[in-house]
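A.B. asks: My questions are about this predicted structure, shown below with the sequence.
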Amino acid sequence: MKLMSRRGLISHDGSYVYLCNNIPSPSSLFADVWYTGYEKIGPAYYIERKNMPTHLLTCTLSGRGVLKYQGKTVILKKGDVSLISCHAHHVFYPADDSWEIAFLHFDGVQLPPLYEAF
């Protein structure tokens, strides 16, 4: 990864991630942004994780990706938006040679009940 000229902005292979620093305590916020960014993902990309203390909002900008979450497999295509709790097991990988997404990892004390209602 290469640190860019703006504090907190990291770039690597066409991906950009902004790391949020110096933010108030999550208990004082509706939503605490952990990090946000853009990724142009190639065929070797594969993410499998759980017990991550955030929620994840993604928007597919081009290509198609696969999301496996809560026993379902969903193909995400251009214009699709997904919202998941990263506390639960989930898997992401491209369905095509290239998948372009914007993403936001966030959390906050008021989000779990809101997420459950959604």
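C.D. replies: Arrived safely.
A.B. asks: contacts and neighbour counts: CA atoms only from here.
C.D. replies: Noted.
A.B. asks: the longest strand in the chain is where?
C.D. replies: Secondary structure of the chain per DSSP state E: the longest strand is strand 90-107.
A.B. asks: isn't residue 68 right next to residue 88, touching?
C.D. replies: No. Using C-alpha atoms under 8 Å, residue 68 is not in contact with residue 88; the gap is 10.8 Å.
A.B. asks: before we move on, the earlier item: and the longest strand of the chain, what's its mean pLDDT?
C.D. replies: Averaged over strand 90-107, pLDDT sits at 93.
A.B. asks: Please spell out which residues along that strand are buried.
C.D. replies: Residues 90, 92-95, 98-107 are the ones in strand 90-107 that count as buried (16 or more other C-alpha atoms under 10 Å).
A.B. asks: Can you classify residue 45 by secondary structure?
C.D. replies: Under DSSP: H, G, I helix; E, B strand; the rest coil, residue 45 falls in the coil class.
A.B. asks: May I have the residues that are in contact with the residue nearest to it when sequence neighbours are not counted?
C.D. replies: Spatial nearest neighbour of residue 45, excluding adjacent residues (C-alpha to C-alpha, 6 or more residues apart in numbering): residue 93 at 5.8 Å. By C-alpha atoms under 8 Å, 6 or more residues apart in numbering, the contact list for residue 93 reads 43, 45-47, 65-67.
A.B. asks: Thank you, goodbye.
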